[in-house]
Every structure is written in structure tokens, then in C-alpha cells.
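Novice: Predicted model and sequence follow; I will ask about them next.
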Amino acid sequence: MIKIHHNAVDVARKLKPSIPILGDFGIPIKHEIEFEMDLSKKS
């Protein structure tokens, strides 16, 4: 996990109003979590 973008979905809803306010189990959708995967490592 690299970063949490607080209230990013509120901004995204201005461009795409169809993004729901609530997700599964009535949990508010407000923030975005940014993940990163290093693909240069060989197993």
C-alpha cells in the first residue's frame, strides 16, 4: 500500500455521478487506496 487518497471518490463523483454513495453492507465509498507491485523482482 503506497498512499490513501482521502475523499478522492467525492471528487470522482463530479465527473461520474453514477458512482454509488454506499458500497456493500452500507459502507460509505469515500477514499481511494493506491497499491504498487514491483514487477522487476524475479522469483
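Specialist: Good, I have the coordinates. Residues are numbered from 1 along each chain as shown.
Novice: Tell me both backbone torsions, phi and psi, for D24.
Specialist: phi -60, psi 140 (degrees, to the nearest 10).
Novice: tell me, how many neighbours does it end up with?
Specialist: By other C-beta atoms under 10 Å, 7 other residues sit near D24. Quick note: C-beta positions are derived from backbone N, CA and C, even for glycine.
Novice: all helices in the chain, in order from the N-terminus.
Specialist: 8-15 (DSSP state H).
Novice: Show me the shaky parts of it.
Specialist: For the chain, the stretches with pLDDT under 70 are 43.
Novice: Now do the strands in it.
Specialist: Ranges of strands within the chain are 3-5, 32-34, based on DSSP state E.
Novice: Those strands into JSON lines, with extra columns for distance to A12?
Specialist: Output for the strands of the chain, formatted as JSON lines (distance: least, C-beta to C-beta, whole Å):
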{"stretch": "strand 3-5", "distance to A12": "10"}
{"stretch": "strand 32-34", "distance to A12": "8"}
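Novice: can you put these in JSON lines and add mean neighbour count and distance to R13?
Specialist: JSON lines is the format used below for the strands of the chain (neighbours: other C-beta atoms under 10 Å; distance: least, C-beta to C-beta, whole Å):
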{"stretch": "strand 3-5", "mean neighbour count": "11", "distance to R13": "14"}
{"stretch": "strand 32-34", "mean neighbour count": "11", "distance to R13": "12"}
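Novice: Mind checking these for the one nearest to S18?
Specialist: strand 32-34 (16.6 Å; C-beta to C-beta).
Novice: The residue nearest the centre of the chain pairs with what?
Specialist: Nearest to the mean C-alpha position of the chain, counting by C-alpha atoms, centre = their mean, stands E32 at 2.4 Å. When bridges are called by DSSP bridges, E32 pairs up with H5.
Novice: need the contact list for it.
Specialist: 4-5, 8-9, 12 (C-beta atoms under 8 Å, 6 or more residues apart in numbering).
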